[in-house]
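Engineer: Test case, fold it:
(chains A and B)
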Amino acid sequence: QKEVEQDPGPLSVPEGAIVSLNCTYSNSAFQYFMWYRQYSRKGPELLMYTYSSGNKEDGRFTAQVDKSSKYISLFIRDSQPSDSATYLCAAMNYGGATNKLIFGTGTLLAVQP
Amino acid sequence: GAVVSQHPSRVICKSGTSVKIECRSLDFQATTMFWYRQFPKQSLMLMATSNEGSKATYEQGVEKDKFLINHASLTLSTLTVTSAHPEDSSFYICSARDIDSSYNSPLHFGNGTRLTVT
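Structural biologist: The predicted structure is shown next:
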């Protein structure tokens, strides 16, 4: 079992739709959770960073973590064609200076104009 | 802020040659940099953790003699793929953590290097 599981998609939605992206994880030691956006042939760009359970909102993006069910989500409101990219969830444990970031496989999102 | 520059962005080399990839933190210092590899439609897999002034820590299954890492300064880490073979063709991405940030702060990534070995 992978430590972080993510549906690879692809996910296609019309412009303006609400997008829900999800990941599950198995390691209960994970306490820090991130969402990265990766455009084709580019490095990942940090979107959201959360600690432990709860919600965090930034503009059209909301990140949600439910540690009880080991479930993390990213919601995108009023999706735009420019949001079309691969979205990677990632988790990190609490263990010192060389904390490792474990990524999901990424979900490819296409927002149709 | 927190810009990580990676060079080259793309390289094609012949089988058996060596290729060096540079990762620089442009506006911050990093004692720790991380090297990832990403195959098409797959996630980023951590290869090694690069520590300034000391030996890199490699993940299980990654050959340290094949993937040489040097972290000579607080702003530069290099990955050298030695005696490259076609199966080494991949997208290599580095990331860095600001020295002034806590160890649980998020990573900033470079734009990656696409290596093609013919």
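
Engineer: for the chain, which spans come out with low pLDDT?
Structural biologist: You didn't say which chain, so I picked chain A. A:1, A:94-99 (pLDDT under 70).

Engineer: other chain: chain B
Structural biologist: In chain B, residues with pLDDT under 70: B:1, B:102-104.

Engineer: dump the residue contacts of the residue nearest to B:Leu107 when sequence neighbours are not counted.
Structural biologist: Spatial nearest neighbour of B:Leu107, chain neighbours left out: B:Ser95 (4.1 Å); criterion: CB to CB, 6 or more residues apart in numbering or on different chains. (C-beta placed from N, C-alpha, C; glycine too.) By CB atoms under 8 Å, 6 or more residues apart in numbering or on different chains, the residues touching B:Ser95 are A:43, A:101, B:4, B:33-34, B:36, B:107-110.

Engineer: Repeat that for B:Met33.
Structural biologist: B:Met33 neighbours (CB under 8 Å, 6+ apart): B:23, B:25, B:49-50, B:71, B:77, B:94-97.

Engineer: Helix, strand or coil: sort out whatever residue of chain A ends up closest to chain B for me.
Structural biologist: In chain A, the residue that lies nearest chain B is A:Gly43 (3.9 Å; CB to the nearest CB). Here A:Gly43 takes the coil state, with states given by DSSP: H, G, I helix; E, B strand; the rest coil.

Engineer: can you count the residues close to it?
Structural biologist: For A:Gly43, the count of nearby residues is 22 (other CB atoms under 10 Å in any protein chain shown).

Engineer: Surely it is in contact with B:Gly110?
Structural biologist: Yes - at 5.1 Å, A:Gly43 counts as touching B:Gly110 under the criterion of CB atoms under 8 Å.

Engineer: shared neighbours, those two?
Structural biologist: Common contacts of A:Gly43 and B:Gly110 (CB under 8 Å, 6+ apart): B:4, B:6, B:93, B:95.

Engineer: my read: the first one touches B:Cys23, true?
Structural biologist: Think B:Val4. Yes - if you go by CB under 8 Å, B:Val4 and B:Cys23 touch, sitting 6.6 Å apart.

Engineer: overlap in contacts of those two?
Structural biologist: Residues touching both B:Val4 and B:Cys23 (CB under 8 Å, 6+ apart) are B:94, B:96, B:110.

Engineer: can you tell me which of those are in strands?
Structural biologist: Secondary structure defined by DSSP state E assigns B:94, B:96 of the shared contacts of B:Val4 and B:Cys23 to strands.

Engineer: Next, format the shared contacts of B:Val4 and B:Cys23 as CSV and append neighbour count and distance to B:Thr82.
Structural biologist: Listed next are the shared contacts of B:Val4 and B:Cys23 as CSV, based on neighbours: other CB atoms under 10 Å in any protein chain shown; distance: CB to CB, whole Å:
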residue, neighbour count, distance to B:Thr82
B:Cys94, 31, 17
B:Ala96, 27, 23
B:Gly110, 27, 21
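
Engineer: ok, so of the shared contacts of B:Val4 and B:Cys23, who is nearest A:Pro10?
Structural biologist: Nearest to A:Pro10 out of the shared contacts of B:Val4 and B:Cys23 is B:Gly110 (CB to CB; 25.4 Å).

Engineer: Phi, psi for the closest one please.
Structural biologist: With angles defined as degrees, to the nearest 10, B:Gly110 sits at phi -80, psi 180.

Engineer: residues contacting it?
Structural biologist: A:43, B:4-6, B:23, B:93-95.
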